[in-house]
Structures are given as structure tokens and as C-alpha cells.
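*Asks:* need a 3D model of the following:
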Amino acid sequence: MQLTFLGTSAMVPTKERNHSAVLISYSTEGILIDCGEGTQRQLKIAGIKPSKVTKILISHWHGDHVLGIPGLIQTLAKNEYDRVLEIYGPKGTMERMKNMFRAFSFEDKIETRIHEITKKRFFEGKDFFLEALPLEHGIITLGFSFIEKDKRRIRLDVVRKLGIPDGPLLGKLQSGKSITFKGKKITPEQVTYVVKGKKLSFIADTVPCNNALELAMNSQCPVIMHWSLQ
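*Replies:* Predicted structure coming up:
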């Protein structure tokens with residue numbers, strides 16, 4: 001898992017800081033949280049191919065968080081992006097994306113799938129969850145959490161002592177199922193241990209509120225940007 005800050009500036013970028021964009025790289029996933037103006041250039045500077053992006057999470061529709069989306073989509077199309085780009089955002093995202101496609105002339109198109117987030121846990125993959133909660137800002141705004149699922153690991157010293165061979169039996173134990181070996185029942189608890197999954201949270205453009213605290217709870221890396229006390 002890798003977290004890359006592509007931009008941390010607020011409404012106006014500076015020479016040193018670009019508009020808001022953070023990339024979570026995890027296995028084959030590239031989850032881009034917000035896509036401010038110039039994000040695709042920031043990806044180049046960071047040495048990350050734009051095609052790494054598989055999902056875009058939009059916290060809200062203020063320009064400094066979304067004006068990079070048309071440029072990124074155009075670049076992906078020019079580079080023959082062969083995935084489905086998943087875009088998640090608050091209520092109204094579907095209509096705003098339609099308007100964006102109407103406003104710009106895209107000679108080449110990629111396949112996109114637009115989702116409006118209506119529940120806390122809005123995505124579940126094989127190894128992780130994505131969650132969102134509303135924050136307190138001038139318009140509808142969401143904070144996000146990336147939650148890695150717990151993983152069960154084999155205690156090699158124990159299974160070797162028992163003589164359990166590599167293969168399907170170990171696979172069952174690792175998936176949390178009991179097995180029978182040499183006439184004896186062996187439970188996952190006897191030969192495995194659980195590694196707790198990591199949690200990352202992204203909270204931006206809000207005043208302190210209960211949902212921000214809930215998202216940040218038990219997070220190993222809470223990213224708090226543009227926190228306002230007013």
C-alpha cells in the first residue's frame with residue numbers, strides 16, 4: 001500500500017503545491033481521491049502512469065477538487081486505457097459528469113461508470129472496503145476511508161510439525177475453514193493467526209464534526225486537509 005500526495009493546496013495553487021489530489025496504490029488498484037486541476041501533470045512528476053488510476057472518489061464539486069478530471073480522462077483515452085474508470089461522488093455527480101461530457105469535445109472516449117454514494121460502505125472488493133460519510137461544508141461533501149480486510153496467515157512451524165502438506169488443505173485453513181487430517185479435526189485457530197488490516201482516512205474541507213471523527217477512528221493514517229475552525 002502506498003499513499004502519494006499529488007496536491008494539497010486549497011482554492012488557489014502555489015508554486016510548490018498543486019490542487020487537491022491523493023492517490024492510494026494498492027495491488028492493481030489506483031484510487032484517486034479528488035482530481036484538482038493539473039493532477040495528470042503531478043502524476044508525471046511522481047513517475048506514476050495515469051493508467052494506474054482505476055477509481056476516482058470525488059469529495060465534493062468545488063472546482064479545485066474536480067477540474068483535473070476532463071484532462072485526465074482525455075489523457076487516458078489517448079493512451080488507450082483498456083479498463084472501466086469507476087467514478088464515485090456525492091448526490092448530483094451523475095448529472096455533473098454528463099454536463100462535463102457535453103461541455104468538452106472528447107475525440108476518443110474511455111468507458112466510465114458513474115456512481116452516486118448513498119450508503120456508508122459503498123464498495124467492497126476482494127481485499128478492501130471503501131466507506132464514506134457526509135462532512136460539513138458549503139455544499140454536499142464526503143469524507144472517505146480505505147479499509148483493508150483482515151488476513152489470516154499460516155503458522156508454518158505448527159503446520160510443519162503436524163505434517164500438513166502445501167496445497168488445498170492449507171488453503172482451506174487460511175480461508176477460515178476447519179479440515180480433517182489423519183483422522184483429526186484441525187481448526188484455523190490452531191494453525192493460523194490474523195493480521196489486522198490497515199485503515200486510511202481522507203477528510204477535507206470541513207469543520208470539526210462527528211462524522212470526521214468516526215472516519216478517522218482507528219485509522220493508521222488519517223489525512224486531514226483544509227480543516228476549518230469556523
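
*Asks:* run through the bridge partners of the spatially most central residue of the chain.
*Replies:* By C-alpha atoms, centre = their mean, the mean C-alpha position of the chain lies nearest to Ile31, the distance being 4.1 Å. Note on Ile31: beta-bridge partners by DSSP bridges are Ile24, Lys55.

*Asks:* contacts only, for it.
*Replies:* Contacts for Ile31 (C-beta atoms under 8 Å, 6 or more residues apart in numbering) come out as 23-24, 54-55, 57, 130, 146. To be clear about C-beta, it is placed using only N, CA and C from the backbone, and glycine gets the same treatment.

*Asks:* of these, which pair is most distant in space?
*Replies:* Using C-beta to C-beta, the contacts of Ile31 span at most 14.2 Å, a distance reached by Leu23 and Leu130.

*Asks:* what residue spans form the domains of the chain?
*Replies:* For the chain, automatic domain parsing gives the domain ranges 2-150+196-227, 152-192.

*Asks:* surely Val22 meets Gly36?
*Replies:* No. Look at Val22 against Gly36 with C-beta atoms under 8 Å: they stay out of range, at 10.2 Å.

*Asks:* spit out the residues that contact the two alike.
*Replies:* Counting by C-beta under 8 Å, 6+ apart, the residues touching both Val22 and Gly36 are Gly7.

*Asks:* low-scoring stretches of this protein, by residue?
*Replies:* Residue ranges of the chain with pLDDT under 70: 226-230.

*Asks:* helices of that one, start to end?
*Replies:* With helices called from DSSP state H, the chain shows them at 39-45, 63-66, 69-78, 93-103, 156-162, 168-174, 188-191, 210-216.

*Asks:* measure the residue lying closest to Gly176 once chain neighbours are set aside to Glu148 for me?
*Replies:* Of all residues not flanking Gly176 in the chain, Pro188 sits nearest, at 5.1 Å (C-beta to C-beta, 6 or more residues apart in numbering). Counting by C-beta to C-beta, to the nearest Å, the separation of Pro188 from Glu148 is 19 Å.

*Asks:* who are the contact partners of Tyr26?
*Replies:* 1-2, 127-128, 146, 148 are the contacts of Tyr26 under C-beta under 8 Å, 6+ apart.

*Asks:* try Ile33
*Replies:* By C-beta under 8 Å, 6+ apart, the contact list for Ile33 reads 21-24, 57, 59, 144, 202.

*Asks:* again, 10 Å this time
*Replies:* 3, 6, 20-24, 55-59, 65, 88, 142-144, 146, 200, 202, 204, 223, 225 (C-beta atoms under 10 Å, 6 or more residues apart in numbering).
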